[in-house]
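In: sequence and predicted structure, then a few things I'm wondering about:
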Amino acid sequence: MAEIIEQDIIDYSVEVGSGCEWTGRGTEPQWNNPKSTKAYDHIARHHGPQLKPHELMGRAASTKDDQGQWLNSEDWIIAEQLVPKYRGQYIIDFQRPIGRVYHPNRTITENVSRAFIQRNIDGTLNCGYPIVDGVVRFV
């Protein structure tokens, strides 16, 4: 069973995300559709399972930051449902392999179980990607 191991909630005053009243612009995102660009655009384009290894290795080298890749797009739906319904940042441990991480030194860590998730003010996910154990995204 997946669990939240770290969180930084920015705003407790308004509940947002799937299952909450939509207060964002336009129509509500399709929360249960991993291809929903409104809910998951950045995740799918920059960290999705369809990306080729050289794309993520190149980005890791140029940004000098680790780049996580999801193995299964359904897992970012699980992440959205699991994290609290508040704007903030979260680290989830799925307790099973969910992805891999490409490092700037061109090495790859396979079978990572943790993910970083950042929820926007409207509940959509600003970003979300697999990370290696021990990574801290906020203090």
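Out: Cool, got the structure.

In: hey, what's Gly99 bridged with?
Out: Trp70, Val112 (DSSP bridges).

In: that one contacts Gln67, correct?
Out: No - with contacts counted by CB atoms under 8 Å, Gly99 stays clear of Gln67, the gap being 10.3 Å. From N, CA and C alone the C-beta is placed, and that goes for glycine too.

In: hey, what's in contact with both of these two?
Out: Shared contacts of Gly99 and Gln67 (CB atoms under 8 Å, 6 or more residues apart in numbering): 47, 129.

In: residue contacts, Asp133?
Out: Asp133 sits next to 112-114 when contact means CB under 8 Å, 6+ apart.

In: export the residues you listed to CSV and tack on neighbour count and pLDDT?
Out: Conversion of those to CSV gives the following (neighbours: other CB atoms under 10 Å; pLDDT from 0 to 100):
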residue, neighbour count, pLDDT
Val112, 23, 98
Ser113, 17, 97
Arg114, 22, 97
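
In: now for Ile43, how many residues are close by?
Out: Ile43 has 24 neighbouring residues, counting by other CB atoms under 10 Å.

In: just the pLDDT for it.
Out: At Ile43, the model reports a pLDDT of 96.

In: wait, is it part of a helix?
Out: Yes - assessed with DSSP: H, G, I helix; E, B strand; the rest coil, Ile43 lies in a helix.

In: report how many residues lie close to the nearest residue to it once chain neighbours are set aside.
Out: Among residues not flanking Ile43 along the chain, Gly128 sits closest, at 4.7 Å (CB to CB, 6 or more residues apart in numbering). Burial of Gly128 is recorded as 25 neighbouring residues (other CB under 10 Å).

In: list the contacts for Gly128?
Out: So Gly128 contacts 40, 42-43, 47, 76, 79-80, 115-118 (CB under 8 Å, 6+ apart).

In: out of those, which one sits closest to Gly58?
Out: Using CB to CB, His47 comes nearest to Gly58 of the contacts of Gly128, at 14.0 Å.
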